[in-house]
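Peer 1: next come a sequence and a model predicted from it.
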Amino acid sequence: MSSGPHLDLSRICDYTAPGRHHLDDATRNEFLSIIDEEADRLSELIDNLLDSSRLQSGTLHMEFQPLRLDTMLRDIPIRARSFDESLMIKVEFQTTDILIQADPTRLAQVFDNLLSNAANMHLDQM
């Protein structure tokens, strides 16, 4: 897995290097998919860096609202597979209707970061 913007950008450049313009359709589509994934990863990294800067400067805006945590956690297994199809997570509750005050966007970001880290560790152990 990549560890910074330079590696993400390098990977994108590798797939757009001169000499790769005469590819069959299947290979071209695969390369375009990889470029798209790496560009998304780079965009997410930049967003995280900007959020970190806002957090440190005290300007990070949060939208606290009532949120059903159990409903959000039920989506975790599906979200986990978007990071790694072999990553299996089981979520069980002893109670439902768990209401909290939270920013749903930021909380989803926390869960996505945890899932991404779990997927990366899983891949490192393979």
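Peer 2: Thanks, I have the structure now.
Peer 1: where does M1 land on pLDDT?
Peer 2: M1 is assigned 43 on the pLDDT scale.
Peer 1: let me redo that: P18
Peer 2: 60.
Peer 1: cool, and R79?
Peer 2: The predicted local distance difference test score for R79 is 81.
Peer 1: do the one 4 residues further on as well
Peer 2: Listed pLDDT for F83 reads 74.
Peer 1: roughly how far apart are it and R68?
Peer 2: Taking CB to CB, to the nearest Å as the criterion, F83 is separated from R68 by 23 Å. For the C-beta atoms, the positions are set from N, CA and C on the backbone; glycine is no exception.
Peer 1: who has more neighbours out of these two?
Peer 2: Each of F83 and R68 had its neighbours counted (other CB atoms under 10 Å), and the higher figure belongs to F83 (17 against 14).
Peer 1: ok, which stretches of the protein are helices?
Peer 2: In the chain, the helices defined using DSSP state H lie at 5-15, 25-57, 69-74, 76-83, 104-124.
Peer 1: of these, give the one that comes closest to T95.
Peer 2: Put simply, out of the helices of the chain the one that sits nearest T95 is helix 69-74, at 7.7 Å, with distance taken as CB to CB.
Peer 1: for L60, the count of nearby residues, please.
Peer 2: Other residues within reach of L60, judged by other CB under 10 Å, total 14.
Peer 1: also the one 10 residues further on?
Peer 2: A total of 15 residues lie near D70 under the criterion other CB under 10 Å.
Peer 1: ok, and the closest non-adjacent residue to it?
Peer 2: With sequence-adjacent residues excluded and distances taken as CB to CB, 6 or more residues apart in numbering, D70 is closest to I98, at 4.5 Å.
Peer 1: wait, what's in contact with the nearest residue to A108 once chain neighbours are set aside?
Peer 2: Taking CB to CB, 6+ apart as the measure, A108 lies nearest to M72, with 7.3 Å between them; neighbours along the chain are not counted. By CB atoms under 8 Å, 6 or more residues apart in numbering, M72 lies in contact with P104, L107, A108, F111.
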